[in-house]
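A.B. asks: This is a predicted model, with the sequence first.
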Number of protein chains: 2
Amino acid sequence: MEEEPRWLDAREQRAWRGYLAMQAQLQATLHRRLQADAGLSLADFDVLVALTDRGGEPVRAGELAALLQWEKSRLSHHLARMERRGLVAREDCPDDARGAFVVLTAAGRRAQEAAAPAHVAAVRELVFDGLTSEQVDALIGVTDEVRARIAGR
Amino acid sequence: MEEEPRWLDAREQRAWRGYLAMQAQLQATLHRRLQADAGLSLADFDVLVALTDRGGEPVRAGELAALLQWEKSRLSHHLARMERRGLVAREDCPDDARGAFVVLTAAGRRAQEAAAPAHVAAVRELVFDGLTSEQVDALIGVTDEVRARIAGR
DNA sequence: CCGGAATAGTTGACGCGTCACCCAACGTTC
DNA sequence: GAACGTTGGGTGACGCGTCAACTATTCCGG
């Protein structure tokens, strides 16, 4: 009754291990650089970018969570830490007393503006400057396919 | 004196956001599945695989850290948790009294063998079954290039 | 209007990863 | 063989993410 599993062949192995290594190193490197030259984590940065994309208007917490594809609980914890550091603030929502608005503080906006150029430069340097435009297209194809499969379950 | 940063163009943006989304979702999905049907985290699994690859011989902690590309401190914390659960054991090293050997316990070996087939199946299902062999080649090309750039600094 | 289901968001506990720091053993040099 | 720097590894504090449980509000059927 033993189902022999279909293992990965040599190319697939190589691609998979390469992917795992790349993703770990890339994330670690970008994180360390952002932390070093702006004092922000990647997660902080994502939150700040999502808020600035909304043009400084208050954003409902739930909406922010959906934008980031984060669980509400994660967002709540993270906002608490960012609020402690003065990067964002929470306001209560008049329409729905259960709700909460999140806004960027001046310090938060400054931090985002200070961090962005170096972060983009790092992404360029480590990723896109090394890829041909065919490789970029291929990457889009792969990520779209995998995401579709994950979503499709 | 303002250096205008070179932003990402539309294709690059799309590739980058797609990559970030894919990597987050893929990791989360694989992690949840492994946790659900084997009670292991991805990190646990990596440790167990590294140890079984060494054929059951004790492995020096530092060597294991190098294999996994983990910091020693991370490995130390993780081994402590795995030891508590009976998956691995530490032995002291006769050659070098500072050193520590790590070995798989019987339970650890069983857990790895039980977890592997479903995990490989998930990787296949979510990734490789959806990709053409050209896409796999392209993925290898991209990961190799990016890793080289990270290493090269 | 009342009572229960759904919704918005928070909290606590716990596993995980990093950083900074520590300690013990080693080995080299004089 | 004593002193010194190095190496192997562990620790504690803290930020992060998840899960489960909780609170407060709103919505809806009767």
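C.D. replies: Good, I have the coordinates.
A.B. asks: Could you list the buried residues of stretch A:76-93?
C.D. replies: A:78-79, A:82, A:87-90 (16 or more other C-beta atoms under 10 Å in any protein chain shown). Where C-beta positions appear, they are placed from N, C-alpha and C, glycine not excepted.
A.B. asks: is that stretch anywhere near DNA strand C?
C.D. replies: Yes: using C-beta under 7 Å from any atom of the strand, stretch A:76-93 reaches DNA strand C at A:76-77, A:79-80, A:90, A:93.
A.B. asks: Output those residues in CSV, with pLDDT appended to each entry.
C.D. replies: CSV is the format used below for the residues of stretch A:76-93 next to DNA strand C (pLDDT from 0 to 100):
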residue, pLDDT
A:Ser76, 97
A:His77, 98
A:Leu79, 97
A:Ala80, 97
A:Arg90, 96
A:Cys93, 88
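A.B. asks: Of these, which pair is most distant in space?
C.D. replies: Checked with C-beta to C-beta, those reach their widest spread between A:His77 and A:Cys93, with 19.7 Å between them.
A.B. asks: re earlier: and the buried residues of stretch A:76-93, which of them are in strands?
C.D. replies: The strands, defined by DSSP state E, take in A:88-90 from the buried residues of stretch A:76-93.
A.B. asks: Out of the residues of stretch A:76-93 next to DNA strand C, which comes closest to chain B?
C.D. replies: Using C-beta to the nearest C-beta, A:His77 comes nearest to chain B of the residues of stretch A:76-93 next to DNA strand C, at 16.7 Å.
A.B. asks: before we move on, back to that, among the buried residues of stretch A:76-93, which two are most distant?
C.D. replies: A:His78 and A:Ala89 (13.9 Å).
A.B. asks: now, among the residues of stretch A:76-93 next to DNA strand C, which is nearest to DNA strand C?
C.D. replies: If you rank those by distance to DNA strand C using C-beta to the nearest atom of the strand, A:Ser76 comes first, at 3.3 Å.
A.B. asks: Now look at the strand or helix carrying A:Thr52 and say if it contacts DNA strand C.
C.D. replies: Assigned by DSSP states H and E, A:Thr52 falls within helix A:42-53. No: judged by C-beta under 7 Å from any atom of the strand, helix A:42-53 stays clear of DNA strand C, getting no closer than 11.7 Å.
A.B. asks: list the buried ones in that helix?
C.D. replies: So for helix A:42-53, counting by 16+ other C-beta under 10 Å, buried means A:43-51.
A.B. asks: Among these, which ones lie close to DNA strand D?
C.D. replies: Answer for these near DNA strand D (C-beta under 7 Å from any atom of the strand): A:43-44.
A.B. asks: could the buried residues of helix A:42-53 be laid out in a markdown table, adding pLDDT and distance to A:Ala106?
C.D. replies: Putting the buried residues of helix A:42-53 into a markdown table (pLDDT from 0 to 100; distance: C-beta to C-beta, whole Å) gives the following:
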| residue | pLDDT | distance to A:Ala106 |
| --- | --- | --- |
| A:Ala43 | 97 | 21 |
| A:Asp44 | 97 | 16 |
| A:Phe45 | 97 | 17 |
| A:Asp46 | 96 | 20 |
| A:Val47 | 97 | 16 |
| A:Leu48 | 97 | 12 |
| A:Val49 | 95 | 17 |
| A:Ala50 | 96 | 18 |
| A:Leu51 | 96 | 13 |
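A.B. asks: Would you map the helices across chain A?
C.D. replies: Per DSSP state H, chain A carries helices over the ranges A:10-38, A:42-53, A:61-68, A:72-84, A:106-126, A:133-152.
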